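Dropping a prediction and its sequence here:
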Amino acid sequence: MKISICIPMYNEITTVAATAAELVRVMDGYCDGSEDSYELIFSDDGSADGTYEAIPTTENVGAKYGTVVPIRTSANYGKGAAVRRAAIASTGDVVMYTDCDLAYGTDSIIEAVNIMKKGGCDMLAGSRAAHPDGYKNYTKMRKLASKVYIRVLNIITGLNVTDSQCGFKVFRRELAHRIFPLAETNGWAFDLELFLLAKREGAKVREMPVCVINHRESRINMLSDSIKMLREIFIIKNRVKNLDR
């Protein structure tokens, strides 16, 4: 099995080299003695701090069973766009994405690959809500906002998920290559769009408990962004629905 790990990046010059080294260490260890292989697709979304130039080559990082694939755009479009470009460029049997700071750790990557090997689902979505320590370092207000948001989202869309915005998701290649070319959302709500596109395809979706290991401060403004989020839910729902017309 070939595993594609997609890493969206914007101004990550301080983390990209260490992340590449850590992923190579973990994935080489996992693939050793098996027929598995991997690719690390670093998708730079128009960084202005030299992030792209800091991505190590396959040779420099010493990968034995995988390759480092750098891609970039000259402008900053958003995380959704960066993930989409990487997923479309992927060649693995399993396609996943996670943050450049490895927010959910590397154990979650190995666990996800093992789950996908067993079969039974087409899309595996990380869920902080399903983990007892998933929201450990979040403020009470942010925890409440997340619960309210996911409840509203499920009512409006008809989904049944516990955490739509977790930045760790895994797909079988066939599903990834069907839904990512249809996706258009570049901003924060791209995860929701992927859930709805997967549902449209009749995909079997499963959630996996994950915990944030490396915590970053949220850039979300509770008041103004809540209004934007509600609007985006309706826009994405209607756009996906109109794909069938």
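Arrived safely. Treat the numbers as computed from the prediction; the structure is a model and nothing was measured.

Can you show me the strands along this structure?
For the chain, strands defined by DSSP state E occupy the ranges 2-9, 37-45, 66-73, 94-97, 123-127, 169-172, 205-209.

Could you point out which of these sits nearest residue 116?
Evaluated over the strands of the chain, closeness to residue 116 peaks at strand 94-97, with 4.9 Å, by CB to CB. All C-beta atoms are positioned from the backbone trio N, CA, C, and that covers glycine.

How about residues contacting that closest one?
1-8, 83, 86-87, 109, 112-113, 116, 167-173, 176 (CB atoms under 8 Å, 6 or more residues apart in numbering).

likewise stretch 73-85?
6, 8-10, 43-47, 71, 97, 180, 183, 185-191, 193.

Would you mark the buried spots in it?
For stretch 73-85, the neighbour count (16 or more other CB atoms under 10 Å) marks 76, 78-85 as buried.

With pLDDT added, can I get those in CSV?
Formatted as CSV, the buried residues of stretch 73-85 follow (pLDDT from 0 to 100):
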residue, pLDDT
76, 97
78, 95
79, 96
80, 96
81, 97
82, 98
83, 98
84, 98
85, 98
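
how far away is the residue nearest to residue 64 when sequence neighbours are not counted from residue 187?
Excluding the flanking residues, the one nearest residue 64 by CB to CB, 6 or more residues apart in numbering is residue 28, at 4.9 Å. From residue 28 across to residue 187, the span is 34 Å (CB to CB, to the nearest Å).

Please say which of the two ends up with more neighbours.
Each of residue 28 and residue 187 has its neighbours counted (other CB atoms under 10 Å); residue 28 has more, 16 against 13.

ok, what's across the strand from the spatially most central residue of the chain?
For the chain, residue 97 is the residue whose C-alpha lies nearest the centre (CA atoms, centre = their mean; 3.5 Å). Beta bridges link residue 97 to residue 6, residue 169 when assigned by DSSP bridges.
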